[in-house]
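> Based on what follows, work out the 3D shape:
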Amino acid sequence: MADRVTITLTDLRCEAQSEQGGCEPYLFTSFFAIGGGQVDVQSPAHHDIRGAFANDVEAGQTLPVPQEIGTASLTAGDNATVGVVALVIDEDLSRDVAVGQAHQAFHQEVEAQLRQLSGSGFDEAVIEQLRENVMSKIRGAIHGTYDYSDIHRDQDDHLGIGVHTVGASSGGEFELPLGFADDRFTLKGRVSPA
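I've put the predicted structure just below:
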């Protein structure tokens with residue numbers, strides 16, 4: 001029998017930032033439950049999430065995650081794996097169409113990758129391949145929006161993508177690192193019965 005599990009993302013903490021004056025993060029999320037031949041993927045619509053986060057965010061600051069993109073209830077059997085895929089990007093001068101294309105590519109590729117994994121487990125190699133495939137699609141989608149004038153723009157930076165998985169019966173709080181050496185964020189959340 002399937003049960004409902006809720007994943008709630010609570011905070012996005014800036015651990016380190018390389019840009020002078022801070023960064024302007026925005027966040028894409030997809031939630032999933034996989035098991036017993038079933039795949040439940042929920043990808044929140046792209047809201048004005050830049051307006052929800054502060055500008056000039058510096059190391060040490062914590063931002064609350066808007067619940068429109070931070071909460072999902074999923075159908076998950078006893079042996080299901082539930083989790084979240086999250087991407088944080090620093091806004092610079094990319095056009096809105098590029099952000100929209102990145103968001104669409106993120107959700108389409110996350111869902112495609114998760115459906116391919118429906119019969120297999122999650123290990124580090126599988127998660128790394130998922131991250132690489134999603135980032136490749138996002139870069140391709142953004143590149144497809146460029147025109148000549150974009151050569152001189154400071155394009156948005158992809159600061160980090162992460163995948164967090166737990167067993168459906170394993171609830172509790174978690175932290176998901178996003179980013180690398182000079183630009184790092186930590187996404188905090190919890191898994192609980194719906």
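> quick one, longest strand in the protein?
As assigned by DSSP state E, the longest strand anywhere in the chain is strand 3-16.
> Toward the C-terminus, what is the element adjacent to that one?
Counting by DSSP states H and E, the element after strand 3-16 in chain order, helix or strand, is strand 25-35.
> what about that following strand, average pLDDT?
Taken as a whole, strand 25-35 has an average pLDDT of 88.
> got it, and stretch 102-119?
84.
> quick one: it to chain centroid distance?
Offset of stretch 102-119 from its chain centre (CA atoms, centre = their mean, to the nearest Å): 12 Å.
> Any buried residues in that stretch, and which?
Across stretch 102-119, burial judged by 16 or more other CB atoms under 10 Å covers 102-107, 109-111, 113-114, 117. Placement of C-beta: from N, CA and C, glycine included.
> Sketch out the low-pLDDT regions of the protein for me.
Counting by pLDDT under 70, the ranges of the chain that qualify are 1-2, 19, 46-51, 91-98, 118-120, 142-159, 168-169, 180-183.
> do that again at 50, thanks
By pLDDT under 50, the low-scoring segments of the chain are 1, 145-156.
> Show me the helices in it, by range?
Counting by DSSP state H, the chain has helices at residues 49-52, 67-70, 96-116, 124-143.
> Quick one, which of the ones you listed gets closest to residue 175.
helix 67-70 (14.4 Å; CB to CB).
> Pull out the buried positions in the closest one.
69-70.
> what does stretch 71-90 give?
Quick answer for stretch 71-90 (16+ other CB under 10 Å): 71-77, 80-90.
> swap in stretch 52-67?
Buried-residue list, stretch 52-67, by 16+ other CB under 10 Å: 52-53, 57, 61, 63, 65-66.
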